[in-house]
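J.: what shape does this take:
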Amino acid sequence: MKLDLTDAVAAADAAVAAVCDAMVKEGLKPSTRSVRERMGGGSYTTVLRGVQHWRELCAACAADDIPLDPVIIQRFRAQYVAISNQASNDANMRAADAEETVAQLAAELEGMADRLAEREGELSTAQTQVQQQQGQLAERAGALEKLKAEYAAAIDEANKRAASERAQAEELRQELVRKSIDLAQVPGLKEELEAARQTAKSSAHQVAEARQIAAVAEERAEAHFDRACQAALRETKLEAQLQRLQEQQEKALATERALQQDILKLSTAGSALEARCLVQLSEIAQLREAARKAVAKDDEHASDRDGEEVAPTPREPRGTV
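T.: Numbers count the residues shown, from 1 in each chain. Down below sits the predicted model:
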């Protein structure tokens with residue numbers, strides 16, 4: 001925002017000059033402290049500048065032999081004030097632009113930090129889910145191995161029982177054959193033969209049950225294996241998501257580093273701008289000192305020519321310092 005302080009400075013100097021004129025009419029000698037007290041307070045620097053301005057005008061008016069028009073002096077001082085204010089305004093504008101740019105970059109950096117925190121939260125959640133899935137997969141794999149061992153033991157036991165029962169059935173068959181040979185000669189063997197047949201049927205039924213148990217165990221083992229494959233597939237998908245989140249986090253970190261570099265560059269530019277402002281203020285101070293020396297030199301010439309002090313006749317200020 002451009003600041004134009006010419007009107008404010010002129011108004012302040014006019015107010016100080018009016019107080020000084022009133023004190024002179026009362027027979028008092030205006031000073032910075034007395035004028036400030038008469039005005040009821042105010043900035044010491046502003047009152048000092050106004051008093052100096054009033055004294056310069058009085059000195060210019062008192063030098064009757066100096067061929068300088070007060071209007072020219074006023075115009076010179078007005079141009080000097082305008083140049084000083086323009087330099088200050090330009091410096092303020094550049095500083096304001098730099099501050100606005102830094103504020104925008106800070107807001108962008110804050111937004112990037114928020115997004116980065118959100119990405120980190122998502123990454124942490126995904127990592128937790130992956131760990132949970134890995135734990136569940138490990139548990140299921142252990143349970144599958146345990147079931148496989150149990151089913152293998154059951155199948156082995158069933159095979160052993162089936163082999164034993166087959167052997168018994170074979171023995172019974174052979175015994176049945178022998179008994180059948182002697183059936184005509186030994187009528188009492190019919191009942192024993194029938195019992196042997198019943199035993200053989202029971203053994204065959206047990207063998208069928210053992211085979212059915214083995215088939216069920218194999219089906220369960222295949223179902224557990226399918227679930228383990230599905231868990232492994234979900235783990236693969238979660239790992240892919242984790243990889244994408246890590247890439248996004250790296251991109252966010254790279255963007256944050258770029259923003260930090262831009263902020264550093266802007267800070268450097270701001271420091272350079274501040275240094276230029278200081279140089280301009282130094283030039284303004286030199287111009288003021290040159291103006292004061294010129295007025296003092298004019299006063300010396302007037303004193304040398306007149307040889308006596310001329311009472312100041314203050315005039316109404318027409319310009320600004």
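J.: centre of the chain to the helix or strand containing residue 264, how far?
T.: Per DSSP states H and E: residue 264 is located in helix 189-306. Offset of helix 189-306 from its chain centre (C-alpha atoms, centre = their mean, to the nearest Å): 14 Å.
J.: what pLDDT does residue 2 get?
T.: For residue 2, the pLDDT comes out at 38.
J.: likewise residue 313?
T.: With respect to pLDDT, residue 313 scores 46.
J.: how far off centre is the host helix or strand of residue 178?
T.: Per DSSP H and E, residue 178 falls inside helix 70-181. Taking the mean of its C-alpha atoms, helix 70-181 sits 20 Å from the chain's own mean (C-alpha atoms, centre = their mean).
J.: that one to helix 189-306, inter-axis angle?
T.: Using axes from the mean of the first three to the mean of the last three C-alpha atoms, to 10 degrees, the inter-axis angle of helix 70-181 relative to helix 189-306 is 170 degrees.
J.: what is helix 70-181 packed up against?
T.: Applying 3 or more C-beta pairs under 8 Å, 6 or more residues apart in numbering; DSSP states H and E, one finds that helix 70-181 contacts helix 6-25, helix 44-62, helix 189-306. Every C-beta, even on glycine, is put in place using the N, C-alpha and C of the backbone.
J.: that helix vs helix 6-25, what angle?
T.: Using the same axes, to 10 degrees: helix 70-181 against helix 6-25 is 140 degrees.
J.: what's the neighbour count on residue 254?
T.: 10 (other C-beta atoms under 10 Å).
J.: how near is it to residue 112?
T.: 10 Å (C-beta to C-beta, to the nearest Å).
J.: now swap in residue 153 and tell me
T.: 60 Å.
J.: same check, this time on residue 27
T.: Distance of residue 27 to residue 112, computed by C-beta to C-beta: 70 Å.
J.: between those two, who's got more neighbours?
T.: residue 112 (16 against 6).
J.: check that one and give its pLDDT.
T.: 88.
J.: my guess is it meets residue 257, correct?
T.: No - Residue 112 lies out of contact with residue 257 (C-beta atoms under 8 Å); the separation is 10.3 Å.
J.: give me the secondary structure label for residue 28.
T.: For residue 28, the assignment made with DSSP: H, G, I helix; E, B strand; the rest coil gives coil.
J.: which ones are touching it?
T.: Residue 28 sits next to residue 34 when contact means C-beta atoms under 8 Å, 6 or more residues apart in numbering.
J.: next: residue 41.
T.: Neighbour list for residue 41: empty [criterion: C-beta under 8 Å, 6+ apart].
J.: repeat that for residue 19.
T.: Residue 19 is in contact with 30, 35, 38-39, counting by C-beta under 8 Å, 6+ apart.
J.: mind putting the residues you listed in a markdown table, secondary structure included?
T.: Output for the contacts of residue 19, formatted as a markdown table (three-state DSSP):
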| residue | secondary structure |
| --- | --- |
| 30 | coil |
| 35 | helix |
| 38 | helix |
| 39 | coil |
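J.: residue 122 contacts residue 244, doesn't it?
T.: No - counting by C-beta under 8 Å, residue 244 is not a contact partner of residue 122; they are 10.1 Å apart.
J.: looking at those two, which is more packed in?
T.: residue 122 (15 against 12).
J.: dump the residue contacts of that one.
T.: residue 245.
J.: check it and give its pLDDT.
T.: So residue 122 comes in at 89 (pLDDT).
J.: any idea how far the closest residue to residue 252 other than its chain neighbours lies from residue 214?
T.: Leaving aside its chain neighbours, residue 252 sits nearest to residue 116 (4.5 Å; criterion: C-beta to C-beta, 6 or more residues apart in numbering). According to C-beta to C-beta, residue 116 stands 58 Å off from residue 214.
J.: picking up where we left off before, avg pLDDT for the helix holding residue 264?
T.: Taken as a whole, helix 189-306 carries a mean pLDDT of 80.
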